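1. Sharing a model that was predicted from the sequence below.
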Amino acid sequence: MGLASILLEILSRPTMGDMLSELMMFTAPLWVAVIVGVLVGWAWKPKWADLACRDLMDSFAPKDSNSSSSVGFGSIPSLNFLKFQLPTCISGGSDDGVQRNSFDVSPPINSNCSSSQLTREKSIAVAEDDLEHLCRLVEVKDGGPAWIHMMNRSTSTMSYQAWRRDPENGPPQYRSSTVFEDATPEMVRDFFWDDEFRSKWDDMLIHSSTLEECPTTGTMVVQWVRKFPFFCSDREYIIGRRIWESGRLYYCVTKGVPRSSVPRRNKPRRVDLFYSSWCIRAVESRRGDGQLTACEVLLFHHEDMGIPWEIAKLGVRQGMWGAVKKIDPGLRAYQKVRASGAPISRSAFMAQINTKVSADYLRSLESCGGDSAEVETSDASEKPRNNIPRLLVVGGAVALACTLDRGLLTKAVIFGVARRFANLGRRL
């Protein structure tokens with residue numbers, strides 16, 4: 001009320017000149033505070049500001065004829081989470097073809113899983129401890145923070161739920177349950193493993209190639225390059241992946257692995273911290289006929305893309321359902337292709353080479369972890385006093401940075417100031 005009364009008093013001045021002079025005197029301290037805040041915020045910039053500025057410079061730098069320029073706003077970074085995914089989450093245009101050709105030079109596939117290179121990098125291979133970790137996540141016994149329920153949506157052929165949690169150290173972690181009607185676990189397993197077909201439904205994937213594969217265990221090392229929004233450079237992933245099978249239950253582990261044979265480049269930037277694993281199993285159809293004709297995918301995903309985590313969380317929150325609902329049409333198209341008798345791709349063939357484990361062995365892995373509480377309330381009600389202003393600040397910064405055309409420094413300053421104000425609001 002005090003602010004409103006002051007403004008009314010100013011507006012009631014007899015002349016326009018008096019009113020303008022009063023308004024200038026009233027707003028001058030605010031402008032001074034903003035300028036000082038921007039200067040202090042830039043001088044006290046966090047480490048990620050340099051990374052953001054570098055990404056901005058990459059995105060506005062002149063592109064040569066061998067690089068792709070098709071980056072849609074729809075592929076918000078953490079949609080890597082969902083498009084990413086499921087477990088990541090329309091084939092690209094001709095520019096995608098140019099981009100793919102620029103990545104054709106890859107190390108030869110190594111089909112000997114006991115090779116010297118795999119031996120040297122044995123510590124990062126997809127191994128039994130990765131299966132153990134995934135089992136504990138599935139049973140909510142990994143001892144991590146509570147999962148916060150985010151979303152519950154459905155279509156006529158698919159239902160979807162999602163959760164999020166924020167560990168003390170590391171990026172936000174996501175968990176989702178997607179149930180596809182009239183789908184078998186084997187078909188869904190092959191669908192997510194099939195990199196050749198993925199380009200027809202995952203519009204973030206620019207390039208994929210197989211670097212190594214083991215015909216004994218089915219372990220693969222693949223290289224992905226994914227499109228990111230216009231203010232970020234594309235991202236490169238070196239992913240190790242493997243599948244364990246227990247009956248018709250499939251544990252699919254994919255995670256980032258180091259590979260010295262693939263040199264790093266400034267563009268696309270490599271994502272080192274990447275984890276996207278899922279459990280696939282047959283479940284009863286929601287038609288209630290008692291038949292296990294539906295398939296559930298329990299997905300666990302987190303990655304550090306070099307983007308401020310609050311901004312990444314906002315992108316996931318806003319674009320999650322839009323990205324996920326595009327996966328179901330891709331699966332139905334894949335079912336038709338397979339039903340036609342078309343030959344399967346090499347990556348789909350590798351998805352059928354699984355390591356067999358018993359149900360007793362899986363139960364022994366699950367029993368070693370601690371419980372993680374599951375919160376069924378929506379995160380919209382979690383600390384409303386703090387979260388809503390922080391979302392407004394961060395969301396406003398994203399919108400302002402994407403709208404203004406005032407150079408790279410301005411955008412980096414906006415993100416830095418927004419982060420400071422968000423942190424201040426959290427402490428209040």
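-> Here it is on my side, so go on. Fair warning: this is a prediction, and the values are worked out from it, not measured in the lab.
2. Going by C-alpha atoms from here, please, whenever you check contacts or count neighbours.
-> Fine.
3. Residue ranges in this protein under the pLDDT threshold?
-> Applying pLDDT under 70 to the chain flags the ranges 1-8, 10-11, 19, 26, 34, 36-124, 229-231, 367-428.
4. do you know how far the closest residue to Gly170 other than its chain neighbours is from Val271?
-> Nearest residue to Gly170 in three dimensions, chain neighbours excluded: Asp304, at 7.7 Å (C-alpha to C-alpha, 6 or more residues apart in numbering). Here the criterion is C-alpha to C-alpha, to the nearest Å. By it, Asp304 lies 7 Å from Val271.
5. Show me where the stretch 101-250 of the chain has its strands.
-> With strands called from DSSP state E, counting those that start in this stretch, the stretch 101-250 of the chain shows them at 147-154, 158-165, 173-180, 205-213, 220-226, 235-246, 249-256.
6. Tabulate the ones you listed (JSON lines), appending mean neighbour count and distance to Val283.
-> As requested, those are exported to JSON lines (neighbours: other C-alpha atoms under 10 Å; distance: least, C-alpha to C-alpha, whole Å):
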{"stretch": "strand 147-154", "mean neighbour count": "18", "distance to Val283": "16"}
{"stretch": "strand 158-165", "mean neighbour count": "20", "distance to Val283": "12"}
{"stretch": "strand 173-180", "mean neighbour count": "23", "distance to Val283": "8"}
{"stretch": "strand 205-213", "mean neighbour count": "22", "distance to Val283": "30"}
{"stretch": "strand 220-226", "mean neighbour count": "22", "distance to Val283": "28"}
{"stretch": "strand 235-246", "mean neighbour count": "23", "distance to Val283": "15"}
{"stretch": "strand 249-256", "mean neighbour count": "23", "distance to Val283": "10"}
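7. Let's have those strands in JSON lines, adding distance to Pro308.
-> What follows is the strands of the stretch 101-250 of the chain, written out as JSON lines (distance: least, C-alpha to C-alpha, whole Å):
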{"stretch": "strand 147-154", "distance to Pro308": "20"}
{"stretch": "strand 158-165", "distance to Pro308": "16"}
{"stretch": "strand 173-180", "distance to Pro308": "14"}
{"stretch": "strand 205-213", "distance to Pro308": "22"}
{"stretch": "strand 220-226", "distance to Pro308": "18"}
{"stretch": "strand 235-246", "distance to Pro308": "15"}
{"stretch": "strand 249-256", "distance to Pro308": "20"}
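8. And these: which comes nearest Phe192?
-> Judged by C-alpha to C-alpha, the one of those that comes nearest to Phe192 is strand 249-256, at 9.7 Å.
9. which other helices and strands contact the closest one?
-> Of the remaining helices and strands, those touching strand 249-256 by 3 or more C-alpha pairs under 8 Å, 6 or more residues apart in numbering; DSSP states H and E are helix 128-138, helix 185-193, strand 235-246, strand 274-283.
10. Which residue ranges make up each domain of the chain?
-> In the domain annotation for the chain, the residue ranges read 47-68+382-427, 79-380 (automatic domain parsing).
11. Just give the number of residues close to the residue nearest to Trp278 when sequence neighbours are not counted.
-> Using C-alpha to C-alpha, 6+ apart and skipping residues adjacent in sequence, the residue nearest Trp278 is Leu299, 4.2 Å away. A count of neighbours around Leu299, defined by other C-alpha atoms under 10 Å, yields 25.
12. Bridged to Leu299, which residues?
-> Beta bridges link Leu299 to Ser176, Trp278 when assigned by DSSP bridges.
13. what about it, distance to Val138?
-> In this view, Leu299 and Val138 are 9 Å apart by C-alpha to C-alpha.
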